[in-house]
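Asker: sharing a model prediction with you, sequence too.
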Amino acid sequence: MPDDNLYRPYDAEVALGGCSCGQHASQHEHDAAAAARRQQRARAADTLSQDFVEAAAVRALFPHDATRRRFLAAVGKATAMAAIASVLPLPALQAMAQESGGALEKKHLNIGFIPINCATPLIMADPLGLYREQGLEVTLQKTAGWALVRDRVLNGELDASHFLSPMPLAISMGLGSAPQPMRVATIQNVNGQAITLALKHRNNRDPRNWKGFKFAIPFEFSMHNFLLRYYLAEHGLDPDRDVQLRVTPPPEMIANLRAGNIDGFLGPDPFNQRAVYDEIGFIHILSKDIWDGHPCCAFGLSAEFIRANPNTYAALYRAVLKAAAMASDPANRPMIAKAIAPQNYLNQPEVVIRQALTGRYADGLGNVCDVPDRADFAPLPWYSMAVWMLTQMQRWGYVKGELDYRGLAEQVFLLTDARRLMQELGEPLPPQAQIGYRKIRVMGREFDPAQPQAYVDGFAIRRS
């Protein structure tokens with residue numbers, strides 16, 4: 001007989017006709033309340049860190065879980081907690097986990113960002129005081145375009161920046177600039193983009209009919225470029241011959257769509273939603289419909305900055321991870337939209353940002369859509385993400401010859417650092433994070449990061 005009764009009549013810890021604590025009408029209500037309390041604790045990074053340290057200490061005392069369970073059954077929870085506290089200085093251990101690990105080499109930092117939703121963790125850490133909490137004095141510098149971001153990082157004007165995820169790979173290889181070793185500390189956001197078309201194309205939704213279209217993308221080394229190319233090619237269009245792709249700063253995409261200079265764009269929010277708000281465009285598809293869970297932007301900095309400022313780097317990392325943890329909670333999205341809407345940040349209507357962040361939005365075709373995962377904030381920089389980006393650089397001729405996919409991915413994407421700091425903050429990690437590679441599915445086609453060259457060679461439309 002399955003033991004799935006909500007009232008758990010065969011559980012010795014359960015009181016039938018009530019609950020084990022006596023404050024709820026049933027054990028089911030008791031469990032639901034306990035789950036809600038745990039979820040609330042999980043939203044506070046400091047509490048998560050303390051809980052993680054305590055759990056790790058208990059695990060160290062009882063390496064075998066069966067032994068721990070027998071001990072708890074024998075002496076009871078209260079006695080067990082008192083006994084463990086008498087031999088382990090838990091408050092001291094928890095305090096140590098919150099310490100920065102050393103004096104900050106550099107407290108005043110200039111951090112660049114493009115005014116788009118993708119930069120949410122980096123931006124919101126400022127008004128919410130997360131940088132100050134780490135002893136940092138950060139000046140956020142709004143930057144007009146991605147080439148300028150790259151140049152200002154390379155010449156030292158910016159200590160760190162919001163990047164398009166492929167950019168640190170390209171810079172490290174010297175594509176489009178002098179080579180300089182760059183690092184991706186975290187992924188700033190996943191999903192959160194869309195293909196937006198001018199309203200005149202509302203009855204022309206089949207990409208096979210888009211020959212001659214002009215599309216805007218924010219930068220060549222961007223997920224926007226790679227995803228749009230992929231989408232077009234899967235529908236039989238050669239993105240270099242059948243359409244025009246124009247590099248356009250995200251804020252200028254709306255003006256170009258209004259003027260008829262472009263037929264559409266694959267761009268970042270809030271500009272997809274802004275096109276709907278201004279009644280000049282509609283959302284054709286979300287980028288998650290191409291690859292659900294794809295990375296978009298990243299938090300990056302030079303390898304030299306990390307080498308020279310290890311404690312500052314760790315403090316900055318913690319602030320950004322805490323912001324990402326807050327942003328990943330859908331309950332916080334309306335508050336975040338309000339925090340990042342002002343002129344010194346995104347300078348966009350709050351309602352436009354909120355629709356894009358919460359996933360409840362008008363699509364420009366008369367529909368109100370509810371897609372909670374339209375955008376998310378999952379900071380882990382998977383090596384497999386980097387390998388996929390490299391396959392697209394090779395597919396479209398940005399790099400020639402053989403590539404050390406794995407070596408470059410593991411050099412630039414700092415998965416080990418992210419994994420360690422997320423564990424210290426008590427944030428959950430999927431099991432595959434230990435190796436950093438997982439299979440990806442893009443428009444129904446599986447990508448195995450262990451076979452990148454075979455993946456590139458399997459495309460009918462490609463440059464290489």
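Answerer: Yep, that arrived.

Asker: how about the contacts made by Ala327?
Answerer: Applying Cβ atoms under 8 Å, 6 or more residues apart in numbering, one finds that Ala327 lies in contact with 120-121, 124, 333, 336, 377. To be clear about C-beta, it is placed using only N, CA and C from the backbone, and glycine gets the same treatment.

Asker: for the closest residue in space to it that isn't next to it in sequence, phi and psi?
Answerer: In this structure, Ala327 finds its nearest non-sequential neighbour in Phe377, 4.0 Å apart by Cβ to Cβ, 6 or more residues apart in numbering. Per-residue torsions, Phe377: phi -130, psi 90 (degrees, to the nearest 10).

Asker: how close does Phe377 get to Thr196?
Answerer: Distance check for Phe377 against Thr196: by Cβ to Cβ, to the nearest Å, it reads 22 Å.

Asker: who has more neighbours out of the two?
Answerer: Thr196 (31 against 27; other Cβ atoms under 10 Å).

Asker: and that one, that's in a strand?
Answerer: Yes: with DSSP: H, G, I helix; E, B strand; the rest coil as the criterion, Thr196 is located in a strand.

Asker: quick one: it and Ile262 touch, right?
Answerer: No: the pair Thr196 and Ile262 does not pass the contact test of Cβ atoms under 8 Å, sitting 9.8 Å apart.

Asker: if I look at the residue nearest to Ala327, how far off is Asp329?
Answerer: 9 Å.

Asker: equivalent analysis for Gly260, please.
Answerer: 40 Å.

Asker: Gly281 - nearest residue in space that isn't next to it in sequence?
Answerer: Taking Cβ to Cβ, 6+ apart as the measure, Gly281 lies nearest to Ala275, with 3.3 Å between them; neighbours along the chain are not counted.

Asker: tell me the contacts of the one you found?
Answerer: Under the criterion of Cβ under 8 Å, 6+ apart, the contact partners of Ala275 comprise 196, 253-254, 257, 281-283, 364.

Asker: can you tell me the helix or strand for it?
Answerer: The secondary structure element spanning Ala275 is helix 271-277 (assigned by DSSP states H and E).

Asker: which is the next helix or strand following that helix?
Answerer: Assignment by DSSP H and E places the next element after helix 271-277 at strand 281-286.

Asker: returning to what we had before: of the contacts of Ala275, keep whichever come out buried.
Answerer: Among these, those buried by neighbour count (16 or more other Cβ atoms under 10 Å) are 196, 253-254, 257, 281-283, 364.

Asker: would you confirm that Asn332 contacts Ala323?
Answerer: No: Asn332 sits out of contact with Ala323 when judged by Cβ under 8 Å, with a separation of 10.2 Å.

Asker: looking at those two, which one has more neighbours?
Answerer: Taking other Cβ under 10 Å, Asn332 and Ala323 do not tie; Ala323 has more neighbours (27 against 18).
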